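1. Take a look and give me a structure for this.
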Amino acid sequence: MTQLARFRAKHSETALPAETPILHVDMDAFFVSVELLARPELRGMPVVVGGRADERGVVSAASYEARKYGIHSAMPLRTAGRLCPHAVFLDGDHAKYGKWSDRVAAVLAKYSPVVEMVSIDEAYLDLSGTQRLHGTPMAAAHRLLSEITETTGLPCSGGLAATRLVAKVASDQAKPRGLLWVPAGSEERFLAPLGVRKIPGIGEVTERALLALGVNTVEELSAQPQEKLDKIFGQWGTALYRKARGGDSYEFVIDAEPKSISQNHTFGEDTAEASPLETMLSHLSQKACKRLREAGLEARTLTLTIRYAGFETHTRARTIAEGAKLDPEIFRVFLEIFHKHWDRKRKVRLLGVSLSGFTHGEAQLELWDAERRAKLEKLIGAADKLRDRFGFGAVRFGGSLPRTGS
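-> Residues are numbered from 1 along each chain as shown. As a prediction, the model looks like this:
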């Protein structure tokens, strides 16, 4: 995994220099685009990634052709199937997407020493001080986007501005395969005609509240007194007032240490059988532990989530004496929590694991002697390298292998 994600944005008390060039790079329909590399015959067709049209679950990504039918990410797959019955539905392969994301990140790293990967398919770059190597920010941005497409075959878009917020909106307006520059000082003019939903952070609920006030566009939002917005929305009102003017005061810092690492899985069909539940719990533990080791961390607090049919959800946590990072020791704790709190009379819809309470210490739970621990760490380290190269599914420990009857 790329170390670029160690950079993140942090709110600063003082505004950054207006000339700070921030580039937001967003891959166009990333999951779909990766799938089309192996299935070029599907180009130009409505394609949906996330599962089959008759499955329970949500859309992970939709091609632009599918979006014309109203399909969008996070939409239930069955709804997408009704909107476009002739769409091609594909299962997702997140290990494969991760590998392609790393290839994109390798290109980003060539253009700036400060890159924040905010998700698998989008990133912010600070292009300050890179002119001697790459030319003006606009020239650098154009070269960067071109190189991504030339080296990976994946389409992408970019937005260049003095603030992260405007850069993100600009990349969205540039899609697909575009680049849009918003010069410093023209942020309000650029945002003014857009619908309020285009502002990052404004969701359906806030949009409805603003529409009730007669506010449809960003220009109409910026005309609202801050006192009025504060009275209606509380502290969020101040943020709305600032966002409508394209303002933010975020700076890149080195840290990006996560507060928690989580993995979860929704079963295609609810189940009350112990075998598939334990198998999935092992798989989720392994994925979370790999991310833990990549971050150079150990976890002390382990939280298990069980969601039953009917969406009733229970979470149970346990804090262990010393930080842990190896798959067997963490899975063992999760398995104990699971069997202590699982209601065997009820079918399970979702399982989730979360690691938190991070430490950087070297101490480990004394579950094995030093020699056995050293061998285990070597084995898991080798497995991590194979997974980085060939995908997470290339190596599976015994607990996560599907069990068959004798």
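2. can you count the residues close to S33?
-> Residues contacting S33 under the criterion other CB atoms under 10 Å number 25. Just so you know, the C-beta spots here come from the backbone N, C-alpha and C atoms, and that holds for glycine as well.
3. One more: P328?
-> Residues within reach of P328, counting by other CB under 10 Å, total 18.
4. Quick check, central residue of this structure?
-> When CA atoms, centre = their mean is applied to the chain, the residue found nearest the centroid is S119 (3.8 Å).
5. Tell me which helix or strand L355 sits in.
-> Following DSSP states H and E, one finds L355 within strand 348-359.
6. Show me what the residue nearest to the centre of the chain is bridged to.
-> For S119, the beta-bridge partners under DSSP bridges are E122.
7. by contact count, what packs against the strand holding L355?
-> Applying 3 or more CB pairs under 8 Å, 6 or more residues apart in numbering; DSSP states H and E, one finds that strand 348-359 makes contact with strand 261-271, helix 274-294, strand 298-308, strand 313-324.
8. For those, give me CSV that also has mean neighbour count.
-> Formatted as CSV, these follow (neighbours: other CB atoms under 10 Å):
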stretch, mean neighbour count
strand 261-271, 15
helix 274-294, 20
strand 298-308, 20
strand 313-324, 15
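9. mind checking which of those is nearest Y241?
-> strand 261-271 (33.0 Å; CB to CB).
10. quick revisit: relative to L179, which of the helices and strands packed on strand 348-359 is closest?
-> L179 lies closest to helix 274-294 among the helices and strands packed on strand 348-359, at 31.4 Å (CB to CB).
11. just the angle between the closest one and strand 313-324, please?
-> Taking axes from the mean of the first three to the mean of the last three CA atoms, to 10 degrees, helix 274-294 and strand 313-324 form an angle of 50 degrees between their directions.
12. pLDDT (mean, whole number) over helix 274-294?
-> Per-residue pLDDT over helix 274-294 has a mean of 90.
13. next one: stretch 210-227
-> In this model, stretch 210-227 has a mean pLDDT of 94.
14. and that stretch, how far from the chain's centre?
-> Counting by CA atoms, centre = their mean, to the nearest Å, stretch 210-227 is centred 30 Å from the centre of its parent chain.
15. Kindly report the same for stretch 143-161.
-> Centroid separation for stretch 143-161 versus its chain: 19 Å, with CA atoms, centre = their mean.
16. list the buried ones in it?
-> Across stretch 143-161, burial judged by 16 or more other CB atoms under 10 Å covers 144-145, 148-149, 152, 154-161.
17. Likewise for stretch 325-338?
-> 325-335, 337-338.
18. those strands in the stretch 1-150 of the chain, which residues are they?
-> 7-11, 22-27, 47-49, 61-62, 88-90, 115-119, 122-126 (DSSP state E, counting those that start in this stretch).
19. Having no further points to raise, I will conclude here.
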